[in-house]
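>>> Give me a 3D structure for the following:
(2 chains)
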Amino acid sequence: MNGSDDRLPPRSRERRHFLLGMGAAAGGALAAPAALAATQANAQTQDRAGNAGTQHHVTDAPTGDASTEGRWPFYGDFQQGIITPRPAAGMIAAFDVIAKTPKDLEGLFRMLTERLAFLTQGGRPPDLDPKLPPADSGILGPVVAPDNLTATVSVGASLFDSRDWLKPLKPRHLQRMTRFRNDALDAGICHGDIAVQFCANRPDTNIHALRDVMKMMPDKLVLRWKQEGSVPVIPPRPDGRVESARNFLGFRDGSANPDAGDRALMQRILWIDGARGEPAWAERGTYQAIRIIRNFVERWDRTPLGEQERIMGRRKSSGAPFTGTTEFDAPHYAGDPHGTVTALDAHIRLANPRTTGSEKNLILRRPFNYSNGVTKSGQLEQGLLFICYQADLEAGFITVQRRLDGEPLEEYLKPIGGGYFFVLPGAREPGDYLGRTLVEAVRAGNASPT
Amino acid sequence: MRLKYLLAVTALMSTLGGTAYAQQNTTLDLVEPIAEYKIYVSEKLQQLVTDTKAFTDAIKAGNVDKAKSLFAPTRMSYEAIEPIAELFSDLDAAIDSRADDYENGEKNPEFPGFHRLEYGLWEKNSTDGLAPIADKLLADVTLLHQRITDMALPPEKVVGGAAALMEEVAATKISGEEDRYSHTDLWDFKGNFDGSEKIFILVRPLIEKNDPAFVKKVADNFNTVGTTLAKYKSGDGYQSYDKLTDDDRKVLASAVNTLAEDLATLRGKLGLN
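Below is the predicted model:
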């Protein structure tokens, strides 16, 4: 079995990573696509300790990948798709679950694990008699290429609430998402018993995976809603730097994201351990908050640049805070108690005030931009498929969002959907399955926290 | 009126005095238009409180027909000054939020204000259970009047309000989704356009000399809106939104987006942040 230490993604998208020479092997992001794919395929076995001081931000812009052969390990202590660098295409699909008994639930989890293990690693679906429908949709061709697909499975409060035998095992912060003051939640794109986050280099790979799961498991999963999104591919600059991708407001999103390559930090802000008062089965899991946030882009585009920057708290062009010169400079508020440099209600200052104690509210953001067509009023229906991860939903997303309630940016945003979910612990090796610890806890009738 | 005007000017001078833009001539030129605008807002708010009282009295008296007839005219004063009302987002939500703002829509007991009453009156054709919502609406509207009377209007909010009104129409009104039970949307449009045009007319003398083409373009678009809406006039008010033809809806949508684009430059043209 591979230890968790080996499951760090390759440092192919290191921030602030300056190549010493063009031939340097350390520059995974700059290496030829085939070489990049190879390093990713071998991520489990390679020791990829990076240079001191380099950071790996999941929100770095994807740098592009001509190969479809890259793959991320499916098995491990933690699920993939969380600290994995964010590729260009993402999708959330939320399902209702048909499972009356623990046995049904186990069957569902085993089947889902089997499908996702296959889809994320790729391979050739079986050839069937042509008189039968084919085993696979075929949209990726006769051989399914992994294309860096990750699939991340999480469970919603409703899975527990509607089943007496699961109720006592609900993670302590897992709850149905309720309305914040600027929300206009559409019940048709909220909540779910199970959510799967698919991420890949190409949107078709995510669609293929969703269609596979739906085709293989119609007796167990009923699709409730889905939302696709993307982030722009930006080739690294000549000096090797990778920028944060921009959102549909034109601002860089993720500059201040915690360093996903920092294992101790991730253990502190992401992963459930025995010290959090959670049910034992939940260890190695994490909370996921999903929000579909519509942006009023026409109105935003008609807002003076100076006001846009005041509202966000960053320069639009560079992404730098007003106290710095690049997007990676940390903003300093200590000398600015009255908000003369960075407004007290600027988005980044409310979201992370950088005061003593506010590090408890750190979250790992991994959002995608979405674009859905046209509203009834003839405007663009687009915005942010916001996804974030944290070990404590209450101290994380919910606290941060409460601080943001009433922010000036609200005039340009309308959260319309999403939900709160709990990401299951990873399946450790072939034969193990996602959700095993939960099913075993049901069988053991053991609901007491660790 | 005269005294009120002077008080408003004094209040505004004191706000401007504390800001960096006070040095700019254009901003000083804004003192008078903004003072006049404050009077406009005060009058609209007084009208709103009076009309809301009559509207909610009708509901509490169980008079469905009378309440229905007062719904749209009562809203017009609110719609005209909406960007100022929205400075208090708690009250704006309490007064004017829509069913979409609440998961499960109309069934959600949190759904308040004008549109909750509209839903009861038109969809249920009844005033049953509406009295507490009516009381709350009147209280909120009265509180809004007080709060705005007590505040100095920020110049950038006043001038920005011309565009903000058009943004509201463009984003979530032109489709007829605002007054979806009563279909009195054209009354709201009239209030929104009047409120926006009022601001434009007040600051127009400050830009006319330097930018006559801009002023003409904006005025022409307001005219287009005015003549289009006038086709649907009925008595003191407007016909149902259902009567708006596709062609006229497109004309309005195009005009409102053009006005939004142009009026968005008003603050900058006047040297405001």
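>>> Excluding chain neighbours, what is closest to residue 128?
In the absence of a named chain, chain A is used. Excluding the flanking residues, the one nearest A:Leu128 by Cβ to Cβ, 6 or more residues apart in numbering or on different chains is A:Ala135, at 5.4 Å. C-beta here means a position set from N, CA and C on the backbone, and glycine is covered the same way.
>>> Not quite, go with chain B.
B:Gly120 (7.3 Å).
>>> Next, the contact list for the one you found, please.
By Cβ atoms under 8 Å, 6 or more residues apart in numbering or on different chains, the contact set of B:Gly120 is B:126-130, B:133.
>>> any idea which helix or strand carries A:Phe118?
Element membership for A:Phe118 (DSSP states H and E) is helix A:102-121.
>>> mean confidence for that helix?
For helix A:102-121, mean pLDDT is 98.
>>> And stretch B:254-265, by the same measure?
Averaged across stretch B:254-265, pLDDT comes to 96.
>>> Can you list the buried residues in it?
Across stretch B:254-265, burial judged by 16 or more other Cβ atoms under 10 Å in any protein chain shown covers B:255-265.
>>> Could you confirm whether any residue of that stretch contacts chain A?
Yes - counting by Cβ under 8 Å from any Cβ of the partner chain, chain A is contacted by stretch B:254-265 at B:257, B:260-261, B:264.
>>> gap between that stretch and the chain center?
Relative to its parent chain, stretch B:254-265 has a centroid offset of 16 Å by Cα atoms, centre = their mean, to the nearest Å.
>>> Other residues contacting that stretch?
The contact list for stretch B:254-265, computed with Cβ under 8 Å, 6+ apart, reads A:298-299, A:302-304, B:162-163, B:166-167, B:169-170, B:174, B:196, B:200, B:214, B:217-218, B:221-222, B:224-225, B:228.
>>> Now do the helices in chain A.
Assignment of helices within chain A using DSSP state H yields the ranges A:33-41, A:102-121, A:157-161, A:203-216, A:263-269, A:297-301, A:305-312, A:347-351, A:399-404, A:436-444.
>>> thinking again about what came up before, please indicate which of the contacts of B:Gly120 are buried?
If we count by 16+ other Cβ under 10 Å, these have these buried: B:127, B:130, B:133.
>>> hang on, the earlier thing: now the helix holding A:Phe118: buried residues?
For helix A:102-121, by 16+ other Cβ under 10 Å, it's A:102, A:105-113, A:115-121.
>>> mind showing which ranges of chain A have poor pLDDT?
Scanning chain A for pLDDT under 70 picks out the ranges A:1-55, A:446-450.
>>> Quick one: name the residues of it near chain B.
For chain A, the residues in contact with chain B (Cβ under 8 Å from any Cβ) are A:179, A:181, A:183-187, A:190, A:296, A:298-299, A:302-304, A:306-307, A:375-379, A:406, A:410.
>>> B:Val158: what's it in contact with?
B:34, B:37, B:84, B:199.
>>> now, among the residues you listed, which is nearest to chain A?
Closest approach between these and chain A, by Cβ to the nearest Cβ: B:Ile84, at 13.8 Å.
>>> Centre of the chain to the helix or strand hosting the closest one, how far?
Taking DSSP H and E as the criterion, the element that holds B:Ile84 is helix B:82-85. How far helix B:82-85 lies from its chain's middle: 6 Å, per Cα atoms, centre = their mean.
>>> What of stretch A:225-243?
In terms of Cα atoms, centre = their mean, the centre of stretch A:225-243 is found 14 Å from the chain centre.
>>> Quick one: neighbours of A:Gln79, just the number.
By other Cβ atoms under 10 Å in any protein chain shown, the residues close to A:Gln79 number 26.
>>> Got phi/psi on it?
Note on A:Gln79: backbone dihedrals following degrees, to the nearest 10 are phi -70, psi 150.
>>> cool, and A:Pro425?
Main-chain dihedrals, A:Pro425, degrees, to the nearest 10: phi -60, psi 160.
>>> gap between the residue lying closest to it once chain neighbours are set aside and chain B?
Leaving out its chain neighbours, the residue that sits closest to A:Pro425 by Cβ to Cβ, 6+ apart is A:Arg284, at 3.7 Å. Going from A:Arg284 to chain B by Cβ to the nearest Cβ, to the nearest Å gives 32 Å.
>>> before we move on, what about A:Arg349?
From A:Arg349 to chain B the distance is 18 Å (Cβ to the nearest Cβ).
>>> Settle this for me: that residue is touching A:Ala343, isn't it.
Yes - using Cβ atoms under 8 Å, A:Arg349 is in contact with A:Ala343, at 7.0 Å.
>>> Quick one: low-confidence residue ranges for the stretch 51-200 of chain B.
By pLDDT under 70, the stretch 51-200 of chain B has no low-scoring segment.
>>> Residue numbers of it in contact with chain A?
So the stretch 51-200 of chain B meets chain A at B:89, B:93, B:98, B:100-104, B:110, B:163, B:167, B:170-175, B:177 (Cβ under 8 Å from any Cβ).
>>> Where do the strands of chain B begin and end?
For chain B, strands defined by DSSP state E occupy the ranges B:233-234, B:237-238.
>>> Could you identify which of those is most buried?
strand B:237-238 (a mean of 20; mean count of other Cβ atoms under 10 Å in any protein chain shown).
>>> what packs against that strand?
If you count contacts as 3 or more Cβ pairs under 8 Å, 6 or more residues apart in numbering or on different chains; DSSP states H and E, strand B:237-238 packs onto helix B:64-80, helix B:185-207.
>>> Which positions in the last one come out as buried?
Applying a neighbour-count criterion of 16+ other Cβ under 10 Å, one finds B:185-200, B:202-204, B:206-207 buried in helix B:185-207.
>>> so it versus helix B:64-80, what angle?
Here helix B:185-207 runs at an angle of 20 degrees relative to helix B:64-80 (axes from the mean of the first three to the mean of the last three Cα atoms, to 10 degrees).
>>> What helices and strands are in contact with helix B:185-207?
Packing partners of helix B:185-207 (3+ Cβ pairs under 8 Å, 6+ apart): helix B:31-60, helix B:64-80, helix B:82-85, helix B:155-172, helix B:212-230, strand B:237-238, helix B:246-263, helix B:266-269.
>>> follow-up on the earlier one: pick the one among the buried residues of stretch B:254-265 closest to chain A.
For the buried residues of stretch B:254-265, the residue nearest chain A by Cβ to the nearest Cβ is B:Ala264; the value is 3.7 Å.
>>> hey, what's in contact with both of A:Arg349 and A:Ala343?
Taking Cβ under 8 Å, 6+ apart as the contact rule, A:Arg349 and A:Ala343 both touch A:Gly313.
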